[in-house]
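**Q** please find the sequence and the predicted model below.
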Amino acid sequence: MRVELSDINAAQRVIAGLADATPMILSPYMSAAAGQPFYYKCEMMQPIGAFKLRGAMNAVANLPKGTRGVTCCSTGNHGRGVAYAAAKAGVRAVICMSELVPEAKVEGIRALGAEVRIIGRSQDEAQVEVLRLVAEEGLVEISPFDDGYVIAGQGTIGIEMLETVPELEAIYVPLSGGGLAAGVATAAKALKPDIKIYGISMERGAAMYESLRAGSPLEVEEVPSLADSLGGGIGLENQLSFAACKELLDDVLLVTEDEIYHAMQVLFYEDRLIAEGACVVAIAAMLAGKLPKPAGPVATILTGRNADMKQSARIYAGQSVQLGEREIKGRPYGT
């Protein structure tokens, strides 16, 4: 199933009044840095604190009749979306995650009534339990990125962005498994073929970036990152998001942990916004000079607010942060 604009329009009708119409705001600081208007699509304002609700609501609404339950592998926000949508529909949900997922995200999913399984040190290991649940217990898998209904749901963001600012020259999309990028790029390029779509990820463990370079899906080692939501593989049997990203993304860029650290401070001190490290990769790339200077308005998506607040507080205070065996040296903002 190749996702088309008609599928995204159908998803709009499903999520209307439930997971749509988040605000899009102008950042004066980033506009000055970019030399053009720079907008944030504020998906962290969703009821679950993340854009993932769109795709999850659409997927659950389109479950086969008689579904016994749903399951998924998640770095946190997709699991939260599936748990929320399943609870609304009265459907059992089992969310499988690795040990690298922050505890705050795990507890957020449990609070929504879903069962949580912590399996191994990677999303690939957690995915094994998902496949067992499908094979042995008859649950339906809702992939966080390689599901047509999920991609269509995420694509509604692209429509809303262009409805709000039709003159957008480029959209900068945080890139993980590619569901968000595939949906937004499909919608945006159908509505405005000359718009540029850039995928941006963290420097270490960027599965889609490495897969696109190799020409086929790859497994990558997962390591702790300030952009933890962008971790995880894309699935060696990827059917949808890899092909869409390969076809529709104009470029894919990487940012360092130090650049993410600084961008989180910028979002907090300059825009008075709190969001996950994954949200600020476009800010990091623009400030580091890794993105082409735009000739017109641009925008990025603040994908979620479900951050580890103890870690975030250290960053805002300019203190050092430990990521596994690696230390990110502290730097007070403005110094």
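**A** Cool, got the structure.
**Q** scan this protein for its longest helix.
**A** The longest helix of the chain (DSSP state H) is helix 148-164.
**Q** gap between that one and the chain center?
**A** With Cα atoms, centre = their mean, to the nearest Å as the basis, helix 148-164 stands 13 Å off its chain's centre.
**Q** for stretch 288-301, same thing?
**A** Using Cα atoms, centre = their mean, the mean C-alpha position of stretch 288-301 is found 19 Å from that of the whole chain.
**Q** that one: which residues count as buried?
**A** Using 16 or more other Cβ atoms under 10 Å as the test for burial, stretch 288-301 gives 290-291, 294, 297-301. For the C-beta atoms, the positions are set from N, CA and C on the backbone; glycine is no exception.
**Q** can you tell me which of those residues end up in strands?
**A** Counting by DSSP state E, the members of the buried residues of stretch 288-301 that fall within strands are 298-301.
**Q** closest to residue 161 out of those residues?
**A** Of all these, residue 161 sits closest to residue 299, with 5.8 Å by Cβ to Cβ.
**Q** which one of the buried residues of stretch 288-301 is nearest to residue 113?
**A** Looking across the buried residues of stretch 288-301 and measuring by Cβ to Cβ, the closest to residue 113 is residue 301, at 27.4 Å.
**Q** in which helix or strand would I find the closest residue to the closest one other than its chain neighbours?
**A** Leaving aside its sequence neighbours, residue 301 sits nearest to residue 41 (Cβ to Cβ, 6 or more residues apart in numbering; 4.6 Å). Using DSSP states H and E, the element containing residue 41 is strand 38-42.
**Q** as PDB, could you dump the C-alpha coordinates of that strand?
**A** The C-alpha atoms that make up strand 38-42 are tabulated as PDB, following Å, rounded to 0.1, in the frame of the first residue of the first chain:
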ATOM      1  CA  PHE A  38      11.000  30.000  10.900                       C
ATOM      2  CA  TYR A  39       7.900  28.300  12.300                       C
ATOM      3  CA  TYR A  40       7.200  25.500  14.800                       C
ATOM      4  CA  LYS A  41       4.400  23.100  14.300                       C
ATOM      5  CA  CYS A  42       3.600  22.400  18.000                       C
END
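**Q** can you give me the helices for the stretch 151-300 of the chain?
**A** For the stretch 151-300 of the chain, the helices defined by DSSP state H, counting those that start in this stretch occupy 179-191, 207-214, 241-248, 257-271, 281-287.
**Q** TSV for these, including mean pLDDT, distance to residue 223 and mean neighbour count?
**A** Shown next, in TSV, are these (pLDDT from 0 to 100; distance: least, Cβ to Cβ, whole Å; neighbours: other Cβ atoms under 10 Å):
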stretch	mean pLDDT	distance to residue 223	mean neighbour count
helix 179-191	98	21	27
helix 207-214	97	12	20
helix 241-248	98	21	21
helix 257-271	98	10	21
helix 281-287	98	16	26
